[in-house]
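1. Let's see this in three dimensions:
(one chain, ligands or ions: 1)
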Amino acid sequence: MNIILLGPPGAGKGTQARFLEEKYGMLQLATGDMLRAAIRRAEPIGVEAKKIMDQGKLVPDQLMIKMIEVSIEHPACTRGFILDGFPRTVPQAEALDVMLASRHKKLDAVIELSVDEATLIERISGRFICAKCGAGYHDKFMPTKVPGVCDECGNKEFIRRPDDNAEVLKTRLKAFNEQTAPILPYYKGKNLLHIVDGMASMKEVQEKIESILEMAKKS
Ligand code: AMP
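-> Next comes the predicted model:
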């Protein structure tokens, strides 16, 4: 199955995508992660994207479309993919349709995780990851069991995303409301859109998504 997880920053897309990867063997394609990897490797695409990402704005469509077009060809996509962070504009959504149709692939579901803005700010401003294994934590909601030590790998270094701060977050939320939210009616019109309450517990959100995927499998 091929699905899109949609929602503002901090809605829980990454967390749910990792769960779906494990459960269904689909591949998570997270454009934000791909860009951050390109920055770490000092690739030209990373250099171009970094300035834009640091401001919380969107990277140009053509660059992102190319990135996804290469990614969906990955052999690990045979059991399907989970798009996390793409599409973020209507032109990206339209380009995705064209690239899938030309490969005789289709989307099975588009799942929007809806979360109110005050919660998003609280979630984002406290999050950090292990610098070694990438395990995700939150100062308030999910601290490490032993302060300063990763639960998963024992590493003692952590990273906070430079764009996870209150100032940049304002621009990221504006980008979501103005450029990404218009995608929702696009998928509603195609009968693919499912809205899930992203304020519910992680487990409840998982269960809701599972039931949507079970339904989509049958149709
Ligand atoms: P994320 O990790 O999904 O929050 O993405 C981090 C940043 O990467 C965003 O704020 C954008 O600057 C950029 N980005 C990621 N995916 C896209 C996309 N599909 N279109 C444009 N910019 C993107």
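
2. mean confidence score for the lengthiest helix in the chain?
-> The single longest helix within the chain, with elements called by DSSP state H, is helix 202-218. Mean pLDDT, helix 202-218: 94.

3. For that helix, buried residues please.
-> Residues of helix 202-218 classed as buried by neighbour count (16 or more other Cβ atoms under 10 Å): Val205, Gln206, Lys208, Ile209, Ile212, Leu213, Ala216. C-beta: built from backbone N, CA, C; applies to glycine.

4. Get me the contact residues on this protein for the ligand.
-> 9, 31-32, 35, 52-53, 56-59, 64, 85-86, 88, 92, 163, 172 (Cβ under 6 Å from any ligand atom).

5. Tell me the buried residues within those.
-> Using 16+ other Cβ under 10 Å, the buried ones in the residues of the chain next to the ligand are 9, 31-32, 35, 53, 56-59, 64, 85-86, 88, 92, 163, 172.

6. sorry, back to before: so which of the residues of the chain next to the ligand are in helices?
-> Thr31, Gly32, Leu35, Ile52, Met53, Met64, Gln92, Arg172.

7. for those residues, which one is nearest the ligand?
-> Of all those, the ligand sits closest to Gly32, with 1.9 Å by Cβ to the nearest ligand atom.

8. if I pick the closest one, what's in contact with it?
-> Gly32 makes contact with Met53, Asp84, Gly85, according to Cβ atoms under 8 Å, 6 or more residues apart in numbering.

9. how about 7 Å then?
-> Gly85 (Cβ atoms under 7 Å, 6 or more residues apart in numbering).

10. for the most centrally placed residue in the chain, which residues make a bridge with it?
-> With distances taken as Cα atoms, centre = their mean, Asp84 lies nearest the centre of the chain, 2.9 Å away. Assessed by DSSP bridges, Asp84 has beta-bridge partners Leu5, Ala30.

11. can you pull the contacts of it?
-> Leu5, Lys13, Gly14, Ala17, Gln28, Leu29, Ala30.

12. Among these, show me the least confident.
-> Scoring the contacts of Asp84 by pLDDT puts Gly14 last, at 92.

13. Helices of this structure, start to end?
-> Using DSSP H, helices in the chain cover 13-24, 31-40, 44-55, 61-71, 90-101, 117-125, 166-175, 183-188, 202-218.
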